[in-house]
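Sequence and predicted model, in that order:
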Amino acid sequence: MPLSAHLATTLMISTIHVLKAKAKFDDDTYRDFLAQRAGGKRSAKELTTSEAGRVIEDLRSVAGEANIRGAIAGLDSALGGKLRALWIAGYNLGIVRERTDRAMLAFLQRQTGVSHVRFLKDAKAASSAIEGLKSWLERDGGVEWPNRDDIEDLTEGDRVIASKRAILNAQWRKLIEIGEVKTIGQAVDPMEDLQFYAGRIARKNRWDAFSTRDHDDVQKALGNKLRGALARQE
């Protein structure tokens, strides 16, 4: 029997479970994730070493760990950070299939004609790249960006949080549309349940206590939930 056909080691199974927690997968999403990558198997104990290796690599990507496949150097500028955040938001909304930097730069080249953020020296071209991504997230992802008049007097940090909240709202609406949201607490409007869900992830009770990192953690958890639901539908 080839080595790749042996069952996954205890260490590999333990690593998968640690990464599952980091990715904030619930049990159903986790088992769907395994099934998609290991021929229908829904338990880490059933995986071969080869299958477990692929699952670990993909889980590292989902969990946001270092050495993500497809990462590109030179994207740590303010512009690169904005584009990457929007691209990952698209991934978490289920409209971007590949979350890698390489895929994002391919979009950038189609949008602006240049192949890397460092070549966007013209302010108009940089704005075009950002607005192009935002328009796509609005059109296909259902994001309702904050009205500029409503956030004009906010600090830069609060404007960022307002945009992040708009993405969470869009994710939650999509989950409602496909029947994946179950009533939590006393809310009558299903949208109100988002705060209960987000509070469980961030371990905070009020939106005004959420940091930008908390919003990112909730977006990732909702993204995993949404992608799992969409995969089951397909």
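Looks like it came in fine. Numbering: from 1, shown residues only.

Nearest the geometric middle of the protein, what residue?
Residue closest to the average C-alpha location in the chain (Cα atoms, centre = their mean): residue 92, at 3.3 Å.

so what's the nearest residue to that one once chain neighbours are set aside up against?
Among residues not flanking residue 92 along the chain, residue 223 sits closest, at 2.9 Å (Cβ to Cβ, 6 or more residues apart in numbering). C-beta: built from backbone N, CA, C; applies to glycine. Neighbouring residues of residue 223 by Cβ atoms under 8 Å, 6 or more residues apart in numbering: 91, 92, 93, 94, 171.

got CSV for the residues you listed, with secondary structure too?
Formatted as CSV, the contacts of residue 223 follow (DSSP: H, G, I helix; E, B strand; the rest coil):
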residue, secondary structure
91, helix
92, helix
93, coil
94, coil
171, helix
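
pLDDT averaged over stretch 182-194, what's the number?
Averaged across stretch 182-194, the pLDDT comes to 68.

Sorry, slip of the keys, the one I care about is stretch 7-15.
Taken as a whole, stretch 7-15 carries a mean pLDDT of 84.

Only the buried residues of that stretch, if you could.
Buried positions in stretch 7-15, judged by neighbour count with 16 or more other Cβ atoms under 10 Å: 8, 12, 13, 15.

Filter these down to just the ones in strands.
In strands, judged by DSSP state E, none of the buried residues of stretch 7-15 are found.

still on that earlier bit, so who does the residue nearest to the centre of the chain touch?
The neighbours of residue 92, taking Cβ under 8 Å, 6+ apart as the test, are 167, 171, 219, 220, 222, 223, 226, 227.

Which residues are in contact with the second one?
If I follow you right, that is residue 171. Residue 171 neighbours (Cβ under 8 Å, 6+ apart): 92, 93, 219, 222, 223, 226.

what's the closest non-adjacent residue to residue 195?
Per Cβ to Cβ, 6+ apart, closest to residue 195 is residue 207, 6.4 Å.

how many neighbours does the one you found have?
Burial of residue 207 is recorded as 16 neighbouring residues (other Cβ atoms under 10 Å).

now swap in the one 10 residues further on and tell me
Using other Cβ under 10 Å as the criterion, residue 217 is surrounded by 18 other residues.

helix or strand for the closest residue in space to it that isn't next to it in sequence, which one?
The shortest distance from residue 217 to any non-neighbouring residue, by Cβ to Cβ, 6+ apart, is to residue 201 (5.6 Å). Residue 201 belongs to helix 193-202 when assigned by DSSP states H and E.

Kindly export that helix (C-alpha atoms) in CSV.
Extracted as CSV, the C-alpha positions of helix 193-202 are listed here (Å, rounded to 0.1, in the frame of the first residue of the first chain):
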residue,chain,number,x,y,z
ASP,A,193,-30.6,38.2,14.8
LEU,A,194,-27.3,39.1,13.2
GLN,A,195,-26.3,40.9,16.4
PHE,A,196,-26.9,37.8,18.5
TYR,A,197,-24.8,35.7,16.0
ALA,A,198,-22.0,38.3,15.9
GLY,A,199,-22.0,38.5,19.7
ARG,A,200,-21.4,34.8,20.0
ILE,A,201,-18.4,35.1,17.7
ALA,A,202,-16.9,38.2,19.2
